[in-house]
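Student: Sharing a sequence plus its predicted fold:
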Amino acid sequence: MEQKLPRIMMISTHGYVAAQPELGKPDTGGQVAYILELSRCLGRLGYQVDIFTRRFEDQPEVDVVNEQVRVIRIPCGGRDFIPKEILCDFIPEWVENAQRYVARNQLEYWFINSHYWDAGLAGQALAHRWGIPHLHTPHSIGAWKRDNMEGDPEELERKYNFRRRIREEKVIYDECDVLIATTAQQRDILMASEYDVPPDKIHVIPPGYDDTRFFPVSQATRQSIKRELQMEGPIVLALGRMARNKGYDLLIRTMPVVIRRVPEARLLLAVGASEPTESERAQIDELKQLTRELGIDNSVIFRDYIPDELLANYYRAADVFALSSRYEPFGMTAVEAMACGTPTVITTEGGLWEQVKWGLDAIYANPFDPEAFGHAIATILQYPRIAAQLSKYGSQKARARFTWTGVTQRLLRVLSTLEPREDLDETLAGVGGTGPRAAWAVDPAEAELWKTDISS
């Protein structure tokens, strides 16, 4: 009988985590996609992966992704949606309920990988109780977000709970076994005085993309897709959830610069949701008002939530993809666009721009400088040779560095470097299983296999 590989616990407590998530719902975006793709790839390698999240509204307890991966929902804080900024108040209840679920179902876990600080609190509590490693992926960092947000500091504090978040992040970063930064910039912030994380605890592993979905197609196919999606003519695309940090207003302000050079250019903003909140509707109305004030409302197209199955074709139909965020821990949409062969302009207010070669893989510019950002976009639209070069080498960079297979291998390689904890060679008490607590230690033969980093 074939022996199963160890079971892995992922934790992402906020938002609408599901086997088929509706990205764009409150607190539901790139992080959910990241966790699902990483889990699926670990599943393809033979691991069993349980993604633990919060149960609310009328969600089922278990949501099956595939034979190897499932979403397990643990209740806390009642039936209503709770924003991620205050979910921390209910994490102790979530931890107790999660531990009961694990014991009741006699589950054992090799390690925990938590995502964002609310889940980090839960992951550290469970890892400490069970004596297993805790890998934490912050995705975004409180101090960086605080320092890059515009507005009244006290109002931002009331909304985003920065003081408590940063205090709790410091504890998580001190106590976890490994910190996964998605960019070198994140690593530098984690090592700075506010967090003071030792450099040997931090491993830089970028997010990945699904290369079976996002890949280039021929020019003839692109033109056919453009007609099908009613995106004919020079199209600048931006998409994602509706949030101020995404900088869609900054991108709109760049369009007069683009239109002066390429009068027929249009901006397509796919920034809605199937069930937008009142705040999201208000923000979209503000963007529409801005286009009227700038006199470019006929050159800006607003579309709602793009279904996941159409996402790759939207990238392919665009002539330029623009990531204009005020701050962006990574920028997964830009990588997906590059992978589809779409020339991409990337914000310098984030981590991805440092990992591309300007003018070869992509172009980067500061979205707070409308002239510079606009000229970057217009240059791609005006000069086919530049567009062709960015299309070719951008897709090559994405495939060479950012596939989920490569990302997963790098994560497993980090696990292979952890030393077995001899003080924990006892029976796994309180979890519901009977395996040794040091069972997470990597098999030497398997560790050698992981030392090949195929993503570099």
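Tutor: Alright, I've got the coordinates.
Student: What's the local residue count around Glu232?
Tutor: Number of residues near Glu232 (other C-beta atoms under 10 Å) recorded here: 11. All C-beta atoms are positioned from the backbone trio N, CA, C, and that covers glycine.
Student: gap between the closest residue to it other than its chain neighbours and Leu268?
Tutor: With C-beta to C-beta, 6 or more residues apart in numbering as the criterion, Glu232 has its nearest non-adjacent residue at 5.3 Å, and that residue is Lys226. Relative to Leu268, Lys226 is positioned 11 Å away (criterion: C-beta to C-beta, to the nearest Å).
Student: can you pull the pLDDT of Val407?
Tutor: The predicted structure scores Val407 at 89 on the pLDDT scale.
Student: quick one: it and Pro206 touch, right?
Tutor: Yes: proximity of Val407 to Pro206 meets the contact threshold set by C-beta atoms under 8 Å, at 6.8 Å.
Student: care to break this protein down by domain?
Tutor: 7-208+403-450, 219-400 (automatic domain parsing).
Student: At which residues are the strands of the protein located?
Tutor: 7-11, 48-55, 62-64, 69-75, 112-115, 134-137, 178-181, 202-204, 235-239, 266-270, 300-303, 320-323, 344-347, 363-365 (DSSP state E).
Student: Export those as TSV, with columns for distance to Glu194.
Tutor: Formatted as TSV, those follow (distance: least, C-beta to C-beta, whole Å):
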stretch	distance to Glu194
strand 7-11	24
strand 48-55	28
strand 62-64	37
strand 69-75	31
strand 112-115	20
strand 134-137	17
strand 178-181	14
strand 202-204	14
strand 235-239	31
strand 266-270	34
strand 300-303	39
strand 320-323	26
strand 344-347	23
strand 363-365	26
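Student: Ok, which of these comes nearest Asp152?
Tutor: Proximity of those to Asp152 was assessed by C-beta to C-beta; the nearest stretch is strand 344-347, lying at 23.8 Å.
Student: Residues in contact with that closest one: which ones?
Tutor: Under the contact criterion C-beta atoms under 8 Å, 6 or more residues apart in numbering, strand 344-347 has outside partners 247, 320-326, 328, 331, 334, 337-338, 352-353, 356, 362-367, 373, 376-377, 380, 390, 394.
Student: circling back: can you list residues touching both of Lys226 and Leu268?
Tutor: When contacts are counted by C-beta under 8 Å, 6+ apart, Lys226 and Leu268 have Ile235 as shared neighbours.
Student: I'd like to know which of the domains of the chain has the weakest mean confidence.
Tutor: Taking the mean pLDDT of each of the domains of the chain, the lowest value is held by domain 7-208+403-450, a mean of 87.
Student: about what we covered before: contacts only, for the residue nearest to Glu232.
Tutor: Applying C-beta under 8 Å, 6+ apart as the definition, the contact partners of Lys226 turn out to be 232, 235, 317.
Student: same question, Tyr116
Tutor: Residues counted as contacts of Tyr116 (C-beta under 8 Å, 6+ apart) are 12-14, 31, 84, 137-140.
Student: could you measure it against His14, distance?
Tutor: Between Tyr116 and His14 the distance, using C-beta to C-beta, works out to 7 Å.
Student: still on that earlier bit, among the contacts of Lys226, pick out the one closest to Gly77, please.
Tutor: For Gly77, the closest of these turns out to be Ala317, at 41.6 Å, with distances computed as C-beta to C-beta.
Student: Quick check: the closest one touching Ile235?
Tutor: Yes: A contact is recorded between Ala317 and Ile235 when judged using C-beta under 8 Å, the distance being 6.7 Å.
Student: Just want to know which of these two has more residues nearby.
Tutor: For Ala317 versus Ile235, neighbours defined as other C-beta under 10 Å are more numerous around Ala317 (24 against 21).
Student: show me what contacts the more buried one?
Tutor: The contact partners of Ala317, by C-beta under 8 Å, 6+ apart, come to 222, 225-226, 228-229, 231, 235, 237.
Student: and if you look at Val197?
Tutor: The neighbours of Val197, taking C-beta under 8 Å, 6+ apart as the test, are 173-174, 179, 190-191.
Student: which one of those residues sits closest to Ile301?
Tutor: When the contacts of Val197 are compared for distance to Ile301, the smallest value, 39.4 Å, is given by Leu190; criterion: C-beta to C-beta.
Student: Cross-check the contact I'm expecting between the closest one and Asp174.
Tutor: No: between Leu190 and Asp174 there is no contact, the gap being 11.2 Å when judged by C-beta under 8 Å.
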